[in-house]
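Peer 1: got a structure for you, letters missing:
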């Protein structure tokens, strides 16, 4: 599965992020499929904080790429995606995680071993 997520750059206390299409199982700074823009949270001018390749982002979304939560919020702010539609998807994803955690808590895979008393 392809994710659209951020890759950190810069140095200590002066950071910027590249927005990339990347395979889900790859590490944060691993191999990138395509560079889709950048985000500089420290820029004073709002116009210079975010640069997005909108047509390429829409292409990746159309073929099934899933944006990370942070990138999703940037895309909604930039009016690249419909906020309501993606908010529903995000809520469903959060609900699935909660259900999965509850199921794991109810049925632990490795139950605690009972201590045997030695006589």
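Peer 2: Looks like it came in fine. What you are looking at is a predicted structure, and each value in this text was computed from that prediction instead of being measured. Numbers count the residues shown, from 1 in each chain.
Peer 1: where do the helices of this protein begin and end?
Peer 2: Counting by DSSP state H, the chain has helices at residues 54-62, 69-77, 83-106.
Peer 1: now do the longest one: distance to the chain's middle.
Peer 2: Helix 83-106 sits 14 Å away from the centroid of its parent chain (CA atoms, centre = their mean, to the nearest Å).
Peer 1: give me the buried positions along that helix.
Peer 2: For helix 83-106, the neighbour count (16 or more other CB atoms under 10 Å) marks residue 86 as buried. Bear in mind the C-beta positions are built from the backbone N, C-alpha and C, glycine included.
Peer 1: measure residue 23 to residue 106 for me?
Peer 2: 32 Å (CB to CB, to the nearest Å).
Peer 1: ok, now residue 82?
Peer 2: In terms of CB to CB, residue 82 sits 36 Å off from residue 106.
Peer 1: so who does the most centrally placed residue in the chain touch?
Peer 2: Ranked by distance to the mean C-alpha position of the chain (CA atoms, centre = their mean), the top residue is residue 68 at 2.0 Å. Residues counted as contacts of residue 68 (CB atoms under 8 Å, 6 or more residues apart in numbering) are 3, 4, 5, 6.
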